[in-house]
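> Just a sequence and a predicted model for now, questions to come.
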Amino acid sequence: MPTTKTKTRAQPGKPAGKPKPRKPEVWKLRLYVAGQTPKSIRAFANLKVLCEEHLKGRYQIEVIDLLENPQMARGDQIVAVPTLVRDLPQPVRKIIGDLSNTERVLIGLALQPVD
């Protein structure tokens with residue numbers, strides 16, 4: 001079957017060949033904790049700082065306390081707390097710990113290339 005090529009013309013007032021600016025990608029992060037332990041509090045504080053520095057205005061953090069909702073651990077297969085789960089952008093990534101090693105967290109979240 002023959003294929004046909006169609007040319008698209010620029011609309012008046014719009015430059016040809018320029019793609020529309022994309023809406024900034026929203027990062028959906030879920031932090032699993034077990035109560036208000038010092039390690040859980042530190043993990044949230046470290047995550048907040050990281051997000052403000054690298055994802056300003058493009059992130060959502062959901063904190064899930066497994067002492068209140070233990071069944072929530074099953075869905076993301078949480079085996080230790082605190083654990084950070086990056087749902088979006090895909091693929092899903094997990095980081096265990098208080099997120100104090102900034103370089104490791106940035107690489108784990110794919111916010112910084114590996115050297």
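Nice, thanks for sending it over.

> Past the helix or strand of the chain with the lowest mean pLDDT, which element shows up next along the chain?
Ranked by mean pLDDT, DSSP states H and E, the helix or strand of the chain with the weakest confidence is helix 72-75, at a mean of 90. Per DSSP states H and E, the first helix or strand lying C-terminal to helix 72-75 is strand 83-88.

> can you pull the buried residues of that following strand?
Residues 83-86 are the ones in strand 83-88 that count as buried (16 or more other Cβ atoms under 10 Å). No exception for glycine: its C-beta is placed from N, CA and C like everyone else's.

> and what of stretch 36-52?
40, 43-44, 46-47, 50-51.

> could you pull out the helices for this protein?
38-54, 72-75, 102-108 (DSSP state H).

> would you list the ones you listed in a markdown table and tack on distance to Val26?
Converted to a markdown table, the helices of the chain look like this (distance: least, Cβ to Cβ, whole Å):
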| stretch | distance to Val26 |
| --- | --- |
| helix 38-54 | 11 |
| helix 72-75 | 20 |
| helix 102-108 | 18 |
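
> Could you tell me the least trusted of those helices?
Note on the helices of the chain: lowest mean pLDDT is at helix 72-75, with a mean of 90.

> got a pLDDT number for the residue sitting nearest the centre point of the chain?
The centroid of the chain falls nearest to Trp27 when counting by Cα atoms, centre = their mean (3.5 Å). In this model, Trp27 is scored at 95, pLDDT.

> Same question for Arg93.
Arg93 carries a pLDDT value of 94.

> one step back: looking at the helices of the chain, spot the one closest to Gln60.
Taking Cβ to Cβ as the criterion, helix 38-54 is the member of the helices of the chain that comes nearest to Gln60, at 9.3 Å.
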